[in-house]
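Novice: Give me a model of this one.
(one chain, ligands or ions: 1)
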Amino acid sequence: IAIAQQPPMENLQSSAPNNWGKWGEEDQVGALNYLGQTEVRNGIDTIQSGKTFTLQIPITSGVGPVFPGRIPTQHFMATDAGIYMAGKAEPAPGGMKYSDDVAFMYLQGTSHVDSLAHAWYGDQIYGGKSESTTVDGHTHASVAEIGKKGIAGRAVLLDVGRHMGSDDLHRLATNTCINLDDLKATAETQGTTINKRDILVIRTGSIARFWEEEPDEEWNAMNEPGLCHSNELLNWLDEMETPMIATDNIAVEKVVQEIDGETYIIPLHGALMRDMGVVLSEIWWLDDLAADSAEDGQYSFMLVAAPLKMEQGTGAPVNPMAIK
Ligand code: UVW
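Specialist: Numbers count the residues shown, from 1 in each chain. Sure thing, here's the model as predicted:
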């Protein structure tokens, strides 16, 4: 039986930035170390009107945009008024009644933050730790470490969907690659200055397709528009000391990428998460924030987000908040 040769991520990444050891051998939060008190104050300085936006998609039972292989959240009522109505339970002394509920969910099955141990190539994860640290729960760089630190700082919305997409829906066509020049051109059109250590929030406009009854093009995780791998992009992100990239698509990047005649699946996860320690966060709802930014011209804001402290988890849900 012929075993397929794996695409050579090692070669692809051989001249790309690597931040292993930069924040100590035992570091678990990578480029989030760039976010300190100064960066939080820089975020606060952007606040003008006090408008707030929550950026999580709704969690709806049985329905939701998920990466192939995952299923949407299943939500069940463990207790509700049915037990009282059926005479199976009495109200508590004093007359109070209550309901309880349970969810089975992929922790990356909604807007979520990935741990730095979530994806890797070869036999090492972020920081050079062995891939064996992921077995039966992450003993290094779990998402709980990001939950404990929290994410707060100045963020910029780069509405690439509005800049490069269709005029009416402000979204990118499926399979569109977003390159560094596109990010820079979007910032220039918006009049946005990207500062060092800014959190990058990139809007493709794509995720809305999932909920449309008659989508202009059917939503499909594998053909969503997203960032594409290039050393130019990686070097710029490294120079900008980018702590985190958040997007409204399924995987930050275009899932399938052809590079120098090779096919790669999520190569930027290898480059950004494993090698550079840049935190990735996906499936955000950015349309309301983007519409407001298009109206008032303010694309920088205070971002506050903390994933749930799922010990040993590879990812966790998040409901980020933008404050303008
Ligand atoms: C994968 O890309 C496999 O997962 P996520 O989109 O959560 O990073």
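
Novice: Can you verify my assumption that residue 155 contacts residue 202?
Specialist: No. The criterion here is CB atoms under 8 Å, and residue 155 misses it with residue 202 at 10.6 Å. Backbone N, C-alpha and C define where each C-beta goes, glycine included.

Novice: joint contacts of the two?
Specialist: Counting by CB atoms under 8 Å, 6 or more residues apart in numbering, the common neighbours of residue 155 and residue 202 are residue 246.

Novice: Checking stretch 134-146 against the ligand, do any of its residues make contact.
Specialist: No. Under the criterion of CB under 6 Å from any ligand atom, the ligand is not reached by stretch 134-146; the shortest gap measures 10.7 Å.

Novice: Please point out which parts of that stretch sit buried.
Specialist: Buried residues in stretch 134-146, defined by neighbour count with 16 or more other CB atoms under 10 Å: 134, 138, 140-146.

Novice: Which residue is the nearest non-sequential neighbour of residue 15?
Specialist: With CB to CB, 6 or more residues apart in numbering as the criterion, residue 15 has its nearest non-adjacent residue at 6.3 Å, and that residue is residue 231.

Novice: Report the residue spans of the stretch 1-150 of the chain with pLDDT below the cut-off.
Specialist: Along the stretch 1-150 of the chain, segments meeting pLDDT under 70 span 1-7.

Novice: Now it against the ligand: closest residue?
Specialist: Residue nearest to the ligand within the stretch 1-150 of the chain: residue 108 (3.9 Å; CB to the nearest ligand atom).

Novice: do the same with the stretch 151-300 of the chain
Specialist: Using CB to the nearest ligand atom, the closest approach of the stretch 151-300 of the chain to the ligand is made by residue 251 at 4.0 Å.

Novice: What's the local residue count around that residue?
Specialist: For residue 251, the count of nearby residues is 23 (other CB atoms under 10 Å).

Novice: Any figure for the gap between the residue lying closest to residue 137 once chain neighbours are set aside and the ligand?
Specialist: Of all residues not flanking residue 137 in the chain, residue 312 sits nearest, at 3.1 Å (CB to CB, 6+ apart). Between residue 312 and the ligand the distance is 16 Å, computed by CB to the nearest ligand atom, to the nearest Å.

Novice: what's near enough to touch residue 312?
Specialist: 137-139, 142, 144.

Novice: Give me every residue in the protein that's in contact range of the ligand.
Specialist: 67, 108, 114, 118, 250-251, 266, 269, 282, 315.

Novice: Restricted to strands, list those.
Specialist: In this view, these that belong to strands under DSSP state E are 114, 282, 315.

Novice: so the first one makes contact with residue 279?
Specialist: Yes. With contacts counted by CB under 8 Å, residue 114 reaches residue 279, the gap being 7.1 Å.

Novice: of those two, who's got more company?
Specialist: The neighbour comparison of residue 114 against residue 279 (other CB under 10 Å) goes to residue 279, with 29 against 25.

Novice: give the contact list for that one.
Specialist: Contacts for residue 279 (CB under 8 Å, 6+ apart) come out as 29-32, 113-114, 116, 146, 151, 243-245, 273.

Novice: in the stretch 101-250 of the chain, which spans are helices?
Specialist: Secondary structure of the stretch 101-250 of the chain (DSSP state H, counting those that start in this stretch): helices at 143-149, 160-164, 180-190, 231-239.

Novice: would you list every one of the strands in the stretch 101-250 of the chain?
Specialist: Using DSSP state E, counting those that start in this stretch, the strands found in the stretch 101-250 of the chain span residues 112-114, 151-159, 177-178, 199-203, 226-227, 244-247.

Novice: out of those strands, nearest to residue 77?
Specialist: Minimum separation from residue 77 across the strands of the stretch 101-250 of the chain (CB to CB) falls at strand 112-114, 24.0 Å.

Novice: And the closest one, what does it pack against?
Specialist: Strand 112-114 sits against helix 143-149, strand 279-282, strand 315-317, with contacts defined as 3 or more CB pairs under 8 Å, 6 or more residues apart in numbering; DSSP states H and E.

Novice: Enumerate the positions of stretch 94-114 that are buried.
Specialist: 105-114.

Novice: hang on, I meant stretch 66-85
Specialist: Within stretch 66-85, the residues scored as buried using 16+ other CB under 10 Å are 66-67, 70, 72-73.

Novice: how about those in JSON lines, adding distance to residue 128?
Specialist: Below are those laid out as JSON lines (distance: CB to CB, whole Å):
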{"residue": "66", "distance to residue 128": "31"}
{"residue": "67", "distance to residue 128": "26"}
{"residue": "70", "distance to residue 128": "28"}
{"residue": "72", "distance to residue 128": "35"}
{"residue": "73", "distance to residue 128": "34"}
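
Novice: quick revisit: who touches both of residue 114 and residue 279?
Specialist: In contact with both residue 114 and residue 279: residue 273, using CB under 8 Å, 6+ apart.

Novice: number of nearby residues for the residue nearest to residue 15?
Specialist: Neighbourhood size, residue 231 [other CB under 10 Å]: 15.
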